[in-house]
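>>> Need a 3D model of the following:
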Amino acid sequence: MKNIILSLILAFAFIGCNSKSDESKNVEAKLVVGKSLADFKVNDQNEKPQTIAPGTKIVFFSFSKKVGHLCNKFLEKKPADFLAQNNAVYVADVSPAPSLIKKLFILPDLKDLKFPILLINNDRLSAEYSKNMNKESIVVVILDNDKIVKIENLKDTASLDKLFKK
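Residues are numbered from 1 along each chain as shown. Prediction:
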């Protein structure tokens, strides 16, 4: 009996207790044209609280591991101040990853990056910001006076690069 209990504890420790409730399905979408991102508050990869600064024009989101890797590779090729120079913010949703994997691998790797990443690390927040979004694309939100004026889904980093050259 002790072996069974110990096995279950170890299994939950390595797999993670990531039970998504139905509550996350019944949320209001936050990325909607006309809405504001003024109340968006998360930590960056260095665990410092961040918001979307006034004057930000572009916020791009990755809601999947694949898209996150694309965005990271795109930004790794840019100067460290690229986002600030372009009045842009990058937001990555890391909430789907098991907590142990996040603590041991994802967060330490993100801390080594030269550019800032705001992290969604909460299932409810993830549900609110990803609702009705294409999670397999780079979701780009265009802001004007802190209000969402346009939402685009980009398939690749070439499209993202083109967006910044406008």
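>>> drop to CA atoms for contacts and neighbour counts, all remaining ones
Noted.
>>> Would you mark the buried spots in stretch 151-164?
Neighbour-count burial for stretch 151-164, counted by 16 or more other CA atoms under 10 Å, picks out Ile151, Asn153, Leu154, Thr157, Leu160.
>>> helix/strand/coil for the second one?
Classification of Asn153 by DSSP: H, G, I helix; E, B strand; the rest coil places it in strand.
>>> and the residue most central in space within the chain, what are its bridge partners?
The residue lying closest to the centre of the chain (CA atoms, centre = their mean) is Ala92, at 1.8 Å. Listed by DSSP bridges, the beta-bridge partners for Ala92 are Ser62, Leu119.
>>> Likewise for Val141?
Residues in beta-bridge contact with Val141 (DSSP bridges): Val59, Ile151.
>>> tell me the pLDDT at it?
Listed pLDDT for Val141 reads 98.
>>> Beyond the helix or strand bottoming out on mean pLDDT in the chain, next helix or strand please.
Least confident helix or strand of the chain, by mean pLDDT, DSSP states H and E, is helix 2-15 with a mean of 45. Per DSSP states H and E, the first helix or strand lying C-terminal to helix 2-15 is strand 41-44.
>>> Next, the buried residues of that next one.
Here strand 41-44 shows Val42, Asp44 as buried, counting by 16+ other CA under 10 Å.
>>> Just checking: what are the partner strands of that strand?
strand 49-51 (antiparallel), strand 118-120 (antiparallel).
>>> among these, which is the most enclosed?
strand 118-120 (a mean of 25; mean count of other CA atoms under 10 Å).
>>> average pLDDT across whichever helix or strand comes after it?
As assigned by DSSP H and E, the chain's next helix or strand after strand 118-120 is helix 123-130. Mean pLDDT, taken over the full extent of helix 123-130, equals 97.
>>> can you count the residues close to Lys25?
12 (other CA atoms under 10 Å).
>>> That one reaches Ala127, doesn't it?
Yes. Using CA atoms under 8 Å, Lys25 is in contact with Ala127, at 6.9 Å.
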